[in-house]
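Colleague: Predicted coordinates and the sequence they were generated for:
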Amino acid sequence: MFNKIFFTLLMLLTTTVQAEGFYLSSSDIKGQLSNNQVYNSFGCTGKNISPQLSWANAPVGTKSFAITMYDPDAPTGSGWWHWVVFNIDKSIATLKTGASNKTMPAGAIESSTSFASKGFGGACPPKGNKPHRYIFTVHALNVEKIEQNENALPELIGFFLSSHSIAKASIMAYYGR
């Protein structure tokens, strides 16, 4: 019984400490994605504008950042990568609304998505599906660069992110049609 109580208290303390650390926020994402963050193809008619993102309190040892937007509910068996950005300099802590393919920080690479295009690809779940979850994540990495280019597949970049992430912070929004 003591071990169970100790473990529960340890988990609560760990959660509290992590919640006060590295975090991601957005002035554009408010629980439900707006038409601004909806794709403009595949039967969707959104504006396909990448959201504003800001992060803070990266851990010591962070040498660069990466951003991903992922839909785990896509009916593919493996989810859907909507945005993959890596090699963001450690001095950067924000991306402006609409930065994708326009005003990305110097050196940042936007690689291929599951749409087989580069840059931000907004939400576009199949009609009639339950609302999908869209997870925006900033990864604090222990390397200055991932030695890949804009043609790298999102799964490959995901492998490198898993290998080099020292912390992650995420926000999630929903969208259905």
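Modeller: In hand now; what should we look at? A quick note: this is a predicted structure, and the numbers were derived from the prediction, not measured.

Colleague: which residue ranges form the strands in the protein?
Modeller: Assigned by DSSP state E, the chain shows strands spanning 23-25, 53-56, 64-71, 80-89, 94-95, 109-110, 132-141, 165-175.

Colleague: Which among these is found nearest to Pro125?
Modeller: Of all the strands of the chain, it is strand 132-141 that lies closest to Pro125, at 4.3 Å by C-beta to C-beta. Every C-beta, even on glycine, is put in place using the N, C-alpha and C of the backbone.

Colleague: Strand partners (parallel or antiparallel) of that closest one?
Modeller: Under the criterion DSSP bridges, strand 132-141 sits next to strand 64-71 (antiparallel), strand 165-175 (antiparallel) in its sheet.

Colleague: so which of those gets nearest Trp81?
Modeller: Using C-beta to C-beta, the strands paired with strand 132-141 put strand 64-71 closest to Trp81, at 5.8 Å.

Colleague: contact partners of the closest one?
Modeller: When contacts are defined by C-beta atoms under 8 Å, 6 or more residues apart in numbering, strand 64-71 is touched by residues 53, 55, 58, 79-90, 92, 95, 120, 123, 125, 132-141, 143-146, 154, 157-158, 161.

Colleague: Only alpha carbons, please: show that strand as PDB.
Modeller: The C-alpha coordinates for strand 64-71 follow below in PDB (Å, rounded to 0.1, in the frame of the first residue of the first chain):
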ATOM      1  CA  SER A  64      18.000  23.500 -31.800                       C
ATOM      2  CA  PHE A  65      14.200  23.100 -32.200                       C
ATOM      3  CA  ALA A  66      11.800  21.300 -34.400                       C
ATOM      4  CA  ILE A  67       8.100  21.700 -34.900                       C
ATOM      5  CA  THR A  68       5.600  19.000 -36.000                       C
ATOM      6  CA  MET A  69       1.800  18.900 -36.500                       C
ATOM      7  CA  TYR A  70       0.500  15.400 -36.500                       C
ATOM      8  CA  ASP A  71      -3.000  13.800 -36.800                       C
END
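
Colleague: For that strand, what is the distance to the chain centroid?
Modeller: Its chain's C-alpha centre and that of strand 64-71 lie 3 Å apart, by C-alpha atoms, centre = their mean, to the nearest Å.
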